[in-house]
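Enquirer: sequence and predicted structure, then a few things I'm wondering about:
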Amino acid sequence: MANNATPQGSTARGTAPGMATCAVCSAESRQPLFRATAPEQAPDLDLRPGEPLRSSICHWLQQCPRCGYAAPDIREARPSAPRVVAAAPFRALINDAATPALSRRFLAWAHVLEETGAMHEAAEAMLQAAWTADDLNRGDLARAWRMEAVALWRSGPPLDAEQRLRVIDALRRAEAWDTAQDAIETMAQDTLPESVRQVLSLEARLVEAGDARRHTVASALPPPARRPHVSHQKLIGRGSLFGWVKRLFRR
Ligand SMILES: [Zn+2]
């Protein structure tokens, strides 16, 4: 995992160590060095990673101090990103003092992704914004951003079983009980791997109980699979979870 991250300001880009050149406005700024470490605890049902990666969320995105562009690596940007960053909606978003600063960074990244057509990646960034709201005990924001993540997921290409489970979990945690129930019933009609069906059953029980709290993947699977490493690998596969983390921190 650590091998995947590279130090910021690589000499190949001609910048000093610790400095990054913004791909949108070319400003140079000091950006924190962040290396993803493999989670040791099981992820939540929405695949928010376990500790120690979980609480490093404040370091997942960089933000350019001049133009406000936010991304895992601001040295890289999609071709249309400068147009999006210069436009009024983005300017309003990053200057909205009513929204917590860390959350705004994820919303900014989600906005750029959405405007450049990367709907599933935008959904991921929006869900991460919801995680920052969870950490701040801002249930109102977390619910709203989970619903926006669901809308983004559903506006992109068809979802695989893992992503459909995450949509259901987002709906449950947003207390959208009827919509969650519909999604569970639709998915239950499909042929599903046993591990996916176990998580779906847990979601059904939680929705039935009106439980919008955080639960981990480990709690969906019977012992002895309760051991975090065994259970989450069993559900989504080591390659899958680590693949997600790698995509998140691609530098
Ligand atoms: Zn910039």
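Expert: Received it, and whenever you're ready, just let me know what you need.

Enquirer: please report phi then psi for R30.
Expert: The phi/psi pair for R30 (degrees, to the nearest 10) reads phi -80, psi 130.

Enquirer: ok, how many other residues are close to it?
Expert: Counted with other Cβ atoms under 10 Å, residues neighbouring R30 total 13. Backbone N, C-alpha and C define where each C-beta goes, glycine included.

Enquirer: so which bits of this protein are right by the ion?
Expert: By the rule Cβ under 5 Å from the ion, the part of the chain lying against the ion is C22, V24, C25, A27, C64, R66, C67, Y69.

Enquirer: pLDDT, neighbour count and secondary structure for the residues you listed - can I get that in JSON lines?
Expert: Shown next, in JSON lines, are the residues of the chain next to the ion (pLDDT from 0 to 100; neighbours: other Cβ atoms under 10 Å; DSSP: H, G, I helix; E, B strand; the rest coil):
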{"residue": "C22", "pLDDT": "98", "neighbour count": "24", "secondary structure": "coil"}
{"residue": "V24", "pLDDT": "98", "neighbour count": "21", "secondary structure": "coil"}
{"residue": "C25", "pLDDT": "98", "neighbour count": "16", "secondary structure": "coil"}
{"residue": "A27", "pLDDT": "98", "neighbour count": "14", "secondary structure": "coil"}
{"residue": "C64", "pLDDT": "98", "neighbour count": "24", "secondary structure": "coil"}
{"residue": "R66", "pLDDT": "98", "neighbour count": "13", "secondary structure": "coil"}
{"residue": "C67", "pLDDT": "98", "neighbour count": "20", "secondary structure": "coil"}
{"residue": "Y69", "pLDDT": "98", "neighbour count": "25", "secondary structure": "coil"}
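
Enquirer: same list (these) but as JSON lines, adding distance to V84.
Expert: Formatted as JSON lines, these follow (distance: Cβ to Cβ, whole Å):
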{"residue": "C22", "distance to V84": "14"}
{"residue": "V24", "distance to V84": "9"}
{"residue": "C25", "distance to V84": "13"}
{"residue": "A27", "distance to V84": "17"}
{"residue": "C64", "distance to V84": "13"}
{"residue": "R66", "distance to V84": "16"}
{"residue": "C67", "distance to V84": "11"}
{"residue": "Y69", "distance to V84": "9"}
